[in-house]
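Student: Okay, here's the prediction I keep looking at, along with the sequence it came from:
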Amino acid sequence: MNAVIKKGLSTEEFFKEVAKGYKETASAMAYPDDSDENWRYSQLKNPQFYDLEQVPRDLVKFSNQDLLSVFNLKDVELVQFSSGLAKGNQEIIRQATQEDLMRLKLFEPTSRPDLESLAASEFIWIITPVKNKTIVIDNRHDVKSTKAGLRVLLEIKDNVSAKIIEIISGEQQLSFYGLTYEVTALADSTLQYVRVDNSLGSSLTNFFVLQKDLSLVTVLNTSLGDSISRFNFNSLLEGQKAQSNFYSVSVKGNSAHYDLRTRQEHIGYKTISEMKSANVLSDSAESVYVGLIKMHKGCKKSSAIQANKSLLLSKQAHADSVPNLDIEENDVRCDHASAVGPIDPMQLEYLQGRRVPIDKAIGLIASGFAMDVLEKASDLNGYKYVVEVIKESFD
């Protein structure tokens, strides 16, 4: 990928070279199989997702939906993405420069699917939140039988508190969207990020966070609908006393597939991370979770929690859960837990004994199962909206 560091190119030429470099590297690699632990169990190792045609720019259309009225928030900025193209306030979003990419580069893909996703990104955007404003992102990919990529560099500056709500949607099942978010949270900064994925298309998302001293990052990811999706969350706690919270809820039916991978890396002294996820699966839906807590030398007094649970509403639903610990330092604390199983018959019997119809009873139990994780993010902007969407999925 030497082409990406050529000098003397215009910004547009530079990023075309970046995408070309990813594509050339990916083309020289084999698609992953079950021998690759990072891609084991995943349906997104199938080449069909990456062989679609790129979206022609003249087919890209931005939504006219009034998304801001849904949240009833003050001091809100709207950013719209459509198949990787952006429209929004230039104060907070702009096309990235070569210097931005070099300064904020965090994500270094090693697998063909990740490289293919980045190669589909025609532009790279940088978002710089400002104090006391919530950013609402309307992110769509609606062009049938096409692939698109979106790459966002998100910089939370010193002492800035940022709040972001992102709604991802798409009505076309025969489409693929590769999403890459690279977040730098500088000293004493705070980021609250609520993400709702309602898309029917297939997607591969990489969310990479680098945290400096005393930074606090909280991410809530919800994956709904009958899509095939992967969410890869990587938290690198480099600064002292940095804290990362990641919560995930998926509700899947039919033959949907949700693939969650997390990596909590502790480098700085007295850092804290928490990862909790809940999956509700019906019909022949599947979920897979593979997580790693990595304690590097020098991260004394650090603590990490990793918990994943899946509720199976049918005999055909299936879930895999593979938590991992890699500890190189003493005087640290690591907890991990995993649970997969059907509804407790006693809970169902209790509700039916009070004349609650069985469908309603199952919905109540499943909703409560998801709420156990959602409530961890109850102070985030957009929380009420997420709760309403989750409850509607069980009606």
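Tutor: Yep, it's here. Numbering: from 1, shown residues only.
Student: Go through the strand or helix carrying K87 and flag the buried ones.
Tutor: Using DSSP states H and E, K87 sits within strand 85-88. Buried residues in strand 85-88, counted by 16 or more other Cβ atoms under 10 Å: L85, A86, G88. Using the backbone N, CA and C atoms, a C-beta is placed for each residue, glycine as well.
Student: Go ahead and confirm the second one touches A96.
Tutor: No: proximity of A86 to A96 does not meet the contact threshold set by Cβ atoms under 8 Å, at 10.6 Å.
Student: hey, what's in contact with both of the two?
Tutor: Common contacts of A86 and A96 (Cβ atoms under 8 Å, 6 or more residues apart in numbering): F123, W125.
Student: circling back to that earlier point, just the C-alphas of the strand holding K87, formatted as CSV.
Tutor: Provided in CSV are the C-alpha atoms of strand 85-88 (Å, rounded to 0.1, in the frame of the first residue of the first chain):
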residue,chain,number,x,y,z
LEU,A,85,-21.6,10.8,0.6
ALA,A,86,-22.1,13.5,3.2
LYS,A,87,-24.3,16.6,3.7
GLY,A,88,-24.2,18.6,6.9
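Student: Sheet-wise, list the partners of it with their directions.
Tutor: strand 76-82 (antiparallel) (DSSP bridges).
Student: Can you name the residues in contact with the partner strand?
Tutor: Residues outside strand 76-82 that contact it (Cβ under 8 Å, 6+ apart) are 60-63, 67-68, 86-89, 91-93, 125, 127, 133-142, 150.
Student: mind running it again at 6 Å?
Tutor: Residues outside strand 76-82 that contact it (Cβ atoms under 6 Å, 6 or more residues apart in numbering): 60, 62, 68, 87-89, 92-93, 133-140, 150.
Student: buried sites along that strand?
Tutor: V76, E77, V79, Q80, F81, S82.
Student: Looking at those residues, which is nearest T110?
Tutor: F81 (25.9 Å; Cβ to Cβ).
Student: Quick check: the gap between that closest one and L68.
Tutor: 15 Å (Cβ to Cβ, to the nearest Å).
Student: and what of K144?
Tutor: Distance from K144 to L68, by Cβ to Cβ: 28 Å.
Student: Can I get the buried residues of strand 85-88 in TSV including pLDDT and distance to D33?
Tutor: Converted to TSV, the buried residues of strand 85-88 look like this (pLDDT from 0 to 100; distance: Cβ to Cβ, whole Å):
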residue	pLDDT	distance to D33
L85	93	34
A86	93	36
G88	79	40
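Student: Pretty sure S121 sits in a helix.
Tutor: No: when classified by DSSP: H, G, I helix; E, B strand; the rest coil, S121 is found to be coil rather than part of a helix.
Student: Check whether it really touches G149, as I assumed.
Tutor: Yes: counting by Cβ atoms under 6 Å, S121 does reach G149; the two are 3.5 Å apart.
Student: Please enumerate the shared neighbours of those two.
Tutor: G84.
Student: Throw together a ChimeraX command that grabs the buried residues out of the contacts of strand 76-82.
Tutor: This is how ChimeraX selects the buried members of the contacts of strand 76-82, with burial counted by 16+ other Cβ under 10 Å:
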select :60,88,92,93,133,134,135,136,137,138,139,140,150
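Student: Which ones among the contacts of strand 76-82 map onto strands?
Tutor: When the contacts of strand 76-82 are checked against strands (DSSP state E), the matches are K87, G88, I93, T134, I135, V136, I137, D138, N139, R140, L150.
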